[in-house]
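1. Make a model of this:
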Amino acid sequence: MLSLLKTIRHAIATWWSEFTLQTKLLAVATMVVSLVMSGLTFWAVNTIQQDARMNDTRFGRDLGLLLAANVASLVADNNLTEVAQFSQRFYSSTSSVRYMLYADENGEIFFGIPFWDAEVENSLTIKRRIQLPEDYPGDGEKPMVRQHTTPDGIVTDVFIPLIVNKKYLGVLAIGINPNQTAVISTNFTRDVTIAVFITIWVMVILAGVINALTITKPIKELLVGVKQIATGNFKQRIDLPLGGELGELILSFNEMGERLERYEEQNIEELTAEKAKLETLVSTIADGAVLIDNNMQVILVNPTAKRIFGWENADVVGHNVLHHLPPAVQMEITRPLYEMAAGECESAEFRIFINQPTPRTIRILLTTVLNVQRESIKGIAITVQDITREVELNEAKSQFISNVSHELRTPLFNIKTYIETLHDYGEDLALQERQEFLQTVNHETDRLTRLVNDVLDLSKLESGRNYSFDGVDLAQAIEQTLRTYQLNAKDKGVELIQEVDPNLPLVMGNYDLLVQVFGNLIGNALKFTKFGGKVAIRAYQLDFKPSHTQSAPVRIEISDTGIGIATEDQHSIFERFFRVENRVHTLEGTGLGLSIVRNIIDRHRSKVHLVSEVGIGTTFWFDLAAFEEKAPAILIEPVAEVSKITTV
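-> So this is what the prediction gives:
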């Protein structure tokens, strides 16, 4: 029960809270008026009822005294027949009398209308006694009046003592019916009160409806129209046939809308052009640009910023920029952004590494955007620069210098050591020892020369130098390379195998660069192939054609039966200064040969691939485009690419 009452109370409170102040005041005023009118009506009803009861009392008393005066002598003479006849005539002649009872001095009823003693005795076989009030004086001379309520109304009971010659003979009880005029008047007043109460509320409700139709509805229409105008919909009009001040207000609103629409038509093209210029300018900026307001809502973002932050498929305009930034960026710039929005600082710069959507290093510049007077902050400009390549270049530069210094230090140290030994103890050393020292110095000098040459070759390839490309006879280039390494292969006991298609077409390339590629690949193959192994170079034309107008490319493969390359090393084998001998600790090298190979093949618009298995061998292969006889010699710009330096 308590929960139900709480629910009802809460529902009423919620319903009441939804009303406007005007509605609440109207309801309170209506309730006050209704209560006042109800109070006045009830006061009138009570007054009428009291007057009716007083009239009934007077009428009953007078009627009882009149009747008692006429029948008292008859009762004294015990002439009950005359009493009965007189009483019957009197009862029949007036509708005000409800009953008439005659009782003796002992209170026993001996006659009554509408019943009398004989009928009572015959039907009920009992003696009836009159029920006198407790305060009835008995043999007093004055009548006593009381009232009691019945379903038909309030009945007035009048008790008149029957006294003849100062002798108390009994009592006459008369019941007076309610005054019908008073009853009708009371009911009418009640109905009028209810009608007045209902009429007040009906009039208030009708007044509210009329107010809504004549005042509230136009005001709401005006409010909707103003909101539409505020959003830029200058075609909004209000069509309500009203006069007076509201009509003038609506007319003025429509005129304002027409003027704004004309103004928009005159300036929309110019504004659109300026906006297009701004968006085009921002979209062509190489750096990412994001413009936000003081609430961190994105106003403008260019394609570069979308690409850096991975917003290509997301609509971030109008949303909080902090909800869409990568976690690392969000953590760094959240507090500075709010400080700048509050005017505590004007700019900030950050260098952040992010993993999403792709790993990269970015530089973020935050700058406040001020109004024309430079008095208030209108927003914040976020400039995003992708400095991943810059960082990699710096790291590569540092790594390259470190690796070259390391590679140069070892041979220079050996050369200096042996020369100092020869200088200080040359006369004390035997001829064979001096020759061994000089041979070591010569070997280290050759090693130093190879390193310097490889570095110079790689520098030339990456310096942007142009190379002349023409038709190259692969058979001649392969033959020249094999002659160079024939003696070396014989000393190591390795068999060199040449499998070149005799009908091989010329390929588009640079002869000297291709010879360098063959030399590096075959030299590496000989270095890592044990005694009794084999190194093979194959060249053949593929069966498929890239297009109907081009010939099939030529594939070159260099295979060996050497130690192989582990799977985890295959992705790094073409990086500068990466050497498999660092893992096996048996052979020497500069670690630049395969990096040079990849660089040269890239300039031939191809890719070098490898297939290797530890303990079985390795195969390097790449494809070269066939030379078209009618095509003139061309110059190929080198690909601007800087490899990462990895030292293992």
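2. quick one: strands adjacent to the host helix or strand of Thr368?
-> Mapping Thr368 onto the secondary structure by DSSP states H and E places it in strand 360-370. Its sheet considered, strand 360-370 pairs with strand 347-354 (antiparallel), strand 377-386 (antiparallel) by DSSP bridges.
3. got a list of what Thr440 touches?
-> By C-beta atoms under 8 Å, 6 or more residues apart in numbering, the contact set of Thr440 is 414, 418. For every residue, glycine as well, the C-beta is placed using N, CA and C.
4. most tightly surrounded among the strands paired with strand 360-370?
-> Among these, strand 377-386 has the highest mean neighbour count (mean count of other C-beta atoms under 10 Å), at a mean of 18.
5. Would you map the strands across the stretch 151-300 of the chain?
-> In the stretch 151-300 of the chain, the segments counted as strands under DSSP state E, counting those that start in this stretch are 153-164, 167-176, 288-292, 298-301.
6. picking that back up, how about the strands paired with strand 360-370 in TSV, adding mean pLDDT and distance to Val209?
-> TSV is the format used below for the strands paired with strand 360-370 (pLDDT from 0 to 100; distance: least, C-beta to C-beta, whole Å):
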stretch	mean pLDDT	distance to Val209
strand 347-354	88	61
strand 377-386	87	48
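7. Out of these, flag the one nearest Ile174.
-> Of all the strands paired with strand 360-370, the one in closest proximity to Ile174, counting by C-beta to C-beta, is strand 377-386 (100.3 Å).
8. For Tyr425, find the nearest of the strands paired with strand 360-370.
-> Taking C-beta to C-beta as the criterion, strand 347-354 is the member of the strands paired with strand 360-370 that comes nearest to Tyr425, at 55.6 Å.
9. got the CA coordinates for the closest one in PDB?
-> Extracted C-alpha coordinates of strand 347-354, given in PDB (Å, rounded to 0.1, in the frame of the first residue of the first chain):
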ATOM      1  CA  SER A 347      51.400  26.900 -28.700                       C
ATOM      2  CA  ALA A 348      52.900  23.600 -28.100                       C
ATOM      3  CA  GLU A 349      55.000  21.000 -29.900                       C
ATOM      4  CA  PHE A 350      55.200  17.200 -29.500                       C
ATOM      5  CA  ARG A 351      57.100  14.400 -31.100                       C
ATOM      6  CA  ILE A 352      55.200  11.100 -30.800                       C
ATOM      7  CA  PHE A 353      55.500   7.600 -32.000                       C
ATOM      8  CA  ILE A 354      52.200   5.900 -32.900                       C
END
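10. any idea whether Met100 is helix, strand or coil?
-> Using DSSP: H, G, I helix; E, B strand; the rest coil, the three-state assignment for Met100 comes out as strand.
11. Contact partners for it?
-> By C-beta under 8 Å, 6+ apart, Met100 lies in contact with 67, 87, 90-91, 112-113, 172-175.
12. Determine the set of other helices and strands touching the lengthiest helix in the chain.
-> Counting residues, the longest helix found in the chain (DSSP state H) is helix 21-76. Here helix 21-76 touches helix 80-93, strand 97-104, strand 144-150, strand 153-164, strand 167-176, helix 180-211, going by 3 or more C-beta pairs under 8 Å, 6 or more residues apart in numbering; DSSP states H and E.
13. Same list as before, these that is, but in TSV and with mean pLDDT and distance to Leu610 included.
-> Conversion of the helices and strands packed on helix 21-76 to TSV gives the following (pLDDT from 0 to 100; distance: least, C-beta to C-beta, whole Å):
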stretch	mean pLDDT	distance to Leu610
helix 80-93	81	138
strand 97-104	82	130
strand 144-150	76	119
strand 153-164	80	121
strand 167-176	82	131
helix 180-211	69	89
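14. what's the span of stretch 339-348 from first residue to last?
-> Stretch 339-348 stretches 10 Å from its first residue to its last (C-alpha to C-alpha, to the nearest Å).
15. ok now do Leu482, which residues does it touch?
-> By C-beta under 8 Å, 6+ apart, Leu482 lies in contact with 496, 498, 522, 537.
16. I only care about these that end up buried; give me the ChimeraX line for that.
-> Here is the ChimeraX command that selects the buried residues among the contacts of Leu482 (16 or more other C-beta atoms under 10 Å):
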select :496,522,537
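17. Restricted to helices, list the contacts of Leu482.
-> For the contacts of Leu482, the ones inside helices are Ile522, with DSSP H as the criterion.
18. Reformat the contacts of Leu482 as JSON lines; add distance to Leu325.
-> Formatted as JSON lines, the contacts of Leu482 follow (distance: C-beta to C-beta, whole Å):
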{"residue": "Leu496", "distance to Leu325": "60"}
{"residue": "Gln498", "distance to Leu325": "60"}
{"residue": "Ile522", "distance to Leu325": "53"}
{"residue": "Ile537", "distance to Leu325": "54"}
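19. Mark which of the contacts of Leu482 are part of strands, please.
-> Where the contacts of Leu482 overlap with strands, as defined by DSSP state E, the overlap consists of 496, 498, 537.
20. ok, the residues you listed vs Phe531, which is closest?
-> When the ones in strands among the contacts of Leu482 are compared for distance to Phe531 (C-beta to C-beta), Leu496 comes out closest, at 14.0 Å.
21. How much space separates Thr304 from Thr284?
-> When C-beta to C-beta, to the nearest Å is the yardstick, Thr304 and Thr284 sit 9 Å from each other.
22. Check His319 too.
-> Between His319 and Thr284 the computed distance is 24 Å (C-beta to C-beta).
23. The two: which is more packed in?
-> Neighbour tally, His319 and Thr284, criterion other C-beta atoms under 10 Å: the higher count belongs to His319, 13 against 10.
24. contacting residues around that one?
-> Each residue near His319 by C-beta under 8 Å, 6+ apart is listed here: 297-298.
25. and what of Ile616?
-> With contacts taken as C-beta under 8 Å, 6+ apart, Ile616 has the following neighbours: 561, 564.
26. Now it: phi and psi?
-> Listed backbone geometry of Ile616 is phi -110, psi -50, with angles given as degrees, to the nearest 10.
27. State the distance from it to Thr199.
-> Applying C-beta to C-beta, one obtains 110 Å for the distance of Ile616 from Thr199.
28. so for stretch 499-510, what's the average pLDDT?
-> This predicted structure assigns stretch 499-510 an average pLDDT of 88.
29. how long is that stretch end to end?
-> The first and last residues of stretch 499-510 sit 21 Å apart, counting by C-alpha to C-alpha.
30. Give me the contact list for that stretch.
-> If you take C-beta under 8 Å, 6+ apart as the criterion, stretch 499-510 is touched by 467-475, 478, 536-541, 551, 554, 603-604, 624-628, 631.
31. which of the residues in it are buried?
-> With burial defined by 16+ other C-beta under 10 Å, the residues of stretch 499-510 counted as buried are 500, 504-510.
32. Pick out whichever of the residues you listed sits closest to Leu429.
-> Scanning these for proximity to Leu429, where the rule is C-beta to C-beta, the winner is Asn510, at 48.3 Å.
33. re the thing from before, do you know which of the helices and strands packed on helix 21-76 lies nearest Leu260?
-> Between Leu260 and the helices and strands packed on helix 21-76, the shortest separation by C-beta to C-beta is 30.4 Å, and it involves helix 180-211.
34. before we move on, the earlier item: could you dump the helices and strands packed on helix 21-76 to JSON lines with distance to Met340?
-> Formatted as JSON lines, the helices and strands packed on helix 21-76 follow (distance: least, C-beta to C-beta, whole Å):
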{"stretch": "helix 80-93", "distance to Met340": "107"}
{"stretch": "strand 97-104", "distance to Met340": "98"}
{"stretch": "strand 144-150", "distance to Met340": "87"}
{"stretch": "strand 153-164", "distance to Met340": "88"}
{"stretch": "strand 167-176", "distance to Met340": "97"}
{"stretch": "helix 180-211", "distance to Met340": "51"}
